[in-house]
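# Here you go, sequence then predicted model.
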Amino acid sequence: MTVWKRGDDDFVVVDGHHRHAAYSKCEHTKTIPVLVHECDEADAVVLALSENTKTKLPMTKTERDNAAWRLVCSGHGLSKARTVEVTGVSSGTVGKMRRTRRALEEKDLILPDTWWAAMRELKELDQPDWTDDLKEQMIEARAKALDDKIGKDIGRIGNIQWEALARVLDRRLTTMTLSYLVDELKDTEADEEDEDFPY
């Protein structure tokens, strides 16, 4: 087993928790080999992660991301390079984690336990309060970008054979999205009729 000597008579198991539990359950009394590390807490955290990455069942990407996130949030002051080295997470991701931590702390929010939860929290912070004007601007900007990209093709095929266009839309859009599209077109048509016949 690998242990960290935290104090004079205080030892923390870093690797070998299951073996320790088995020895305790069996009331094992013989001597067992133990590797003792005397270091500060930051190095102990790094040691624990290093030992875990040596196991036969390697950590999943999610586990590595969460380990890196915990290190970033730990306050141990590990450098980005050291965090990358220990966890195997990319430098870009660790940098994003550090920025995310700062952004959440600036809002006095409790740091989530997992990287996924932290990203979700940050995304909610970044979303603006949608006013009707802002929503309309966003819709128009996306509509223009789509029109610039495929508008001419849609118009040409729609005029030549609208059934082909209908099939493409049916293949690409969900039933719910299609129903929204039909409702929107009906509303637009009704608005145009009201403009043509105001009385």
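Sure thing, it's come through.
# CA atoms for contacts and neighbours, from now on please.
Fine.
# residue closest to the middle of this structure?
Taking Cα atoms, centre = their mean, the centroid of the chain lies closest to residue 116, which sits 3.8 Å from it.
# Can you list the neighbours in contact with the helix or strand that contains that one?
Assigned by DSSP states H and E, residue 116 belongs to helix 115-126. Applying Cα atoms under 8 Å, 6 or more residues apart in numbering, the set of residues contacting helix 115-126 from outside is 65-66, 69, 97, 100, 103-104, 111-112.
# Kindly recompute the last result at 7 Å.
Helix 115-126 is contacted by residues 65-66, 69, 100, 104, 111-112 when judged by Cα atoms under 7 Å, 6 or more residues apart in numbering.
# low pLDDT regions in this protein?
17, 41-42, 49-58, 126-130, 189-199 (pLDDT under 70).
# What residue spans form the domains of it?
62-127, 132-196 (automatic domain parsing).
# what's the closest of those to residue 12?
When those are compared by Cα to Cα, domain 62-127 sits nearest residue 12, at 17.7 Å.
# can you pull out the strands in the protein?
2-5, 11-15, 35-37 (DSSP state E).
# give me the number of residues near residue 92?
Here the neighbour count serves as a burial measure; for residue 92 (other Cα atoms under 10 Å) it reads 11.
# how close does residue 149 sit to residue 140?
Separation of residue 149 from residue 140 (Cα to Cα, to the nearest Å) stands at 14 Å.
# same check, this time on residue 151
14 Å.
# how about the helices in this structure?
17-25, 41-52, 61-73, 80-87, 91-106, 115-126, 132-146, 152-160, 162-172, 175-196 (DSSP state H).
# Relative to residue 5, which of the ones you listed is closest?
So among the helices of the chain, helix 41-52 is nearest, using Cα to Cα, at 9.1 Å.
# Next, format the domains of the chain as CSV and append distance to residue 2.
Below are the domains of the chain laid out as CSV (distance: least, Cα to Cα, whole Å):
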stretch, distance to residue 2
domain 62-127, 17
domain 132-196, 55
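# how far is stretch 18-27 from where the chain is centred?
Taking Cα atoms, centre = their mean, to the nearest Å, the mean C-alpha location of stretch 18-27 is offset from the chain mean by 37 Å.
# Now that stretch: buried residues?
Buried residues in stretch 18-27, counted by 16 or more other Cα atoms under 10 Å: none are found.
# Extract the C-alpha trace of that stretch and format it as PDB.
The C-alpha atoms that make up stretch 18-27 are tabulated as PDB, following Å, rounded to 0.1, in the frame of the first residue of the first chain:
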ATOM      1  CA  HIS A  18      -9.500  -2.100  -0.900                       C
ATOM      2  CA  ARG A  19      -6.500  -4.100   0.400                       C
ATOM      3  CA  HIS A  20      -6.600  -2.100   3.700                       C
ATOM      4  CA  ALA A  21     -10.300  -2.900   4.100                       C
ATOM      5  CA  ALA A  22      -9.700  -6.600   3.400                       C
ATOM      6  CA  TYR A  23      -6.800  -6.800   5.900                       C
ATOM      7  CA  SER A  24      -9.000  -5.100   8.500                       C
ATOM      8  CA  LYS A  25     -12.000  -7.300   7.900                       C
ATOM      9  CA  CYS A  26      -9.800 -10.500   8.100                       C
ATOM     10  CA  GLU A  27      -8.100  -9.100  11.200                       C
END
